[in-house]
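Visitor: pasting a predicted model and its sequence here:
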Amino acid sequence: MTIQDIQNDIVDEFSMFDDWMQRYEYMIELGKSLPLIEEQYKTEENIIKGCQSKVWVHAELEDDKLLFTADSDAIITKGIIAILIRAFSGQKPQDIINADTSFIDDIGLKEHLSPTRANGLVSMIKQLKLYAIAYQTQLN
Amino acid sequence: MFDVYKIRKDFPILSREVNGKPLVYFDNAATSQTPQAVIDTIVDYYSNYNANIHRGVHYLSQEATDVYEEARKKIRKHFNAARLHEIIFTSGTTHSINLVATGFSSILKKGDEIIVSALEHHSNIVPWQMLCERTGAILKVIPMNEEGALEMDAYDALLSEKTKLVFTNHVSNALGTVNPIKQIIDKAHAVGAAVLIDGAQSCPHIKPDVQELDVDFYVASAHKMCGPTGVGMLYGKEEWLNKLPPYQGGGEMIAEVTFEKTTYADLPHKFEAGTPNICGGIAFGAAIDYMNAIGFDTIAAYEDELLKYGTEKLLEIEGLKIYGTTENKTSVISFNIEGIHPYDIGTIVDKLGIAVRTGHHCAQPIMDYYKIPGTVRASFSFYNTKEEIDALVEAVRKAKMMLS
């Protein structure tokens, strides 16, 4: 599945809910399925800056695809990072670099996209893309 | 008779909706809302007498100067400063603290000691750390206890003839603790040290008398007390303000300028370089008038009622812990729910139209003391109601249900 296909799936899933509470509850649920980062990678340098809660992300290249693991001490943040990782993990670095992330808007999480929002969704997207750029350089 | 519903009509913003719900504004410790009287003052200034002050001979400039200086008089009276020129207009508390901290660069020597409290906002820590870097002075910390109060015995032990300066807040922004500043000031004076009190969080609730306190410096921001952002004040005893060198160079702060030598203006202008926030200063005066018309005793009594009600209701929620439990505190409730990140609670509560602050509240040392990432902070003002507190309690319950 392409990143776009996965994003469409996520948008479809979220469209089943008609109020924000259900959407948040689903997001919290998705947070529980997050591929958790190994303890050894929960280091200061793997913390994404710009988040009020702590978010750790680790990336590894398997063949030509990037696999992400993550964790957060806040449950909503964990849900957000789980959604992002579901869209990006197992994809080629170049595809991650090129990916559009406007689907976040479509699933009713627009407020989290503001760069001033302290949860740092924008920082998370940036960090995932930075990993992709780093590994793409390695592949070249 | 204090009628909160009548008071609420003075604040246009309180009738708006957020996320489809009536706004419940409980982030007053970050910034207070603005009454119509203050908004009108701002509009009147720009509509009728906007001009630069202390300079022009023309009519408008004179009028603006007169009203601006009138505001300084209101501030003097409010804080009961002995002299008008002991009131310096600044851009806010942070600016005021930096002005004093920079001035002390030429007074402190290597090995001198300055004392800070563990309950401070970063704004009352960092400028002094920078001062220590410049001068070689040593920063000492009055520790806090589990209740969120300062350990006064430890303070006694820190004081010595080496102590040159003590600075604490009057009220902690993160916990609401009212510090025993009179005691802090008297003890510092006994060893010959000067004292700066950060009044950013006290001034919305308490009317400080700087002469009675015998404090050397007292600083505050207008936007925490119904005024606009970007303006505040520094009270300094005349003898201290004369000792400190100017903070910034520019217009207004000079007596005479030649390329060989510039002489500085007298107080208060020595510290007011450049065109000030004229409208802000005038509106600050209007805000002080507004609050005094209600009366600080009335405000404090009502807010204390809200604090007691909120504390009682929130504590009914299982697993909820309040940080800052001293007898003497302002209407701030900082809390967490066991096993839930404060950010998560803040997010859900916001979706329900309630504005609270989450995070470390620019007071990381306090959070480190409690070993927590932050808290949810609800801070009440005299225009809040018990019904709004009920809405908060219900929202927190809902958040707990969703997040557990």
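Guide: Thanks, I have the structure now. Numbers count the residues shown, from 1 in each chain, chains lettered A, B, ... in the order given.
Visitor: tell me how many other residues surround B:Phe26.
Guide: Burial of B:Phe26 is recorded as 28 neighbouring residues (other C-beta atoms under 10 Å in any protein chain shown). Glycine gets a C-beta too; all of them are placed from N, C-alpha and C.
Visitor: what helices or strands is the lowest-mean-pLDDT helix or strand in chain A leaning on?
Guide: Here the helix or strand of chain A ranked lowest by mean pLDDT, DSSP states H and E is helix A:103-106, holding a mean of 84. Contact here means 3 or more C-beta pairs under 8 Å, 6 or more residues apart in numbering or on different chains; DSSP states H and E; on that basis helix A:103-106 packs against helix A:3-15.
Visitor: what's the first helix or strand after the helix it packs on?
Guide: Downstream of helix A:3-15, the first helix or strand assigned by DSSP states H and E is helix A:20-31.
Visitor: mind checking if the next helix or strand after that following helix is in reach of chain B?
Guide: As assigned by DSSP H and E, the chain's next helix or strand after helix A:20-31 is strand A:55-62. No. Using C-beta under 8 Å from any C-beta of the partner chain, strand A:55-62 stays clear of chain B, coming no nearer than 10.8 Å.
Visitor: roughly how far is the least confident helix or strand of chain A from the heart of the chain?
Guide: Helix A:103-106 has its C-alpha centroid displaced from the chain centroid by 13 Å (C-alpha atoms, centre = their mean, to the nearest Å).
Visitor: how about the closest residue in space to B:His170 that isn't next to it in sequence, what does it touch?
Guide: The shortest distance from B:His170 to any non-neighbouring residue, by C-beta to C-beta, 6 or more residues apart in numbering or on different chains, is to B:Ser202 (3.5 Å). With contacts defined as C-beta atoms under 8 Å, 6 or more residues apart in numbering or on different chains, B:Ser202 is in contact with B:Asn169, B:His170, B:Val171, B:Val178, B:Pro208, B:Ala220, B:Thr330.
Visitor: for A:Ile107, see how far away the closest residue to A:Met1 other than its chain neighbours is.
Guide: Distances taken as C-beta to C-beta, 6+ apart place A:Asp9 nearest to A:Met1, at 7.8 Å, with adjacent residues excluded. According to C-beta to C-beta, to the nearest Å, A:Asp9 and A:Ile107 sit 11 Å apart.
Visitor: among those two, which residue is more densely surrounded?
Guide: A direct count of neighbours by other C-beta under 10 Å for A:Asp9 and A:Ile107 places A:Ile107 higher, at 19 against 14.
Visitor: now the residue nearest in space to the middle of chain A: which helix or strand?
Guide: Computing the C-alpha centroid of chain A and ranking residues by C-alpha atoms, centre = their mean puts A:Leu84 first, at 2.4 Å. Using DSSP H and E, A:Leu84 maps to helix A:75-88.
Visitor: close to chain B, is that helix?
Guide: Yes. Helix A:75-88 is in contact with chain B by C-beta under 8 Å from any C-beta, via A:Ile75, A:Ile76, A:Thr77.
Visitor: related to what we said a few turns ago, the least confident helix or strand of chain A: what's the following helix or strand?
Guide: Per DSSP H and E, the first helix or strand lying C-terminal to helix A:103-106 is helix A:121-139.
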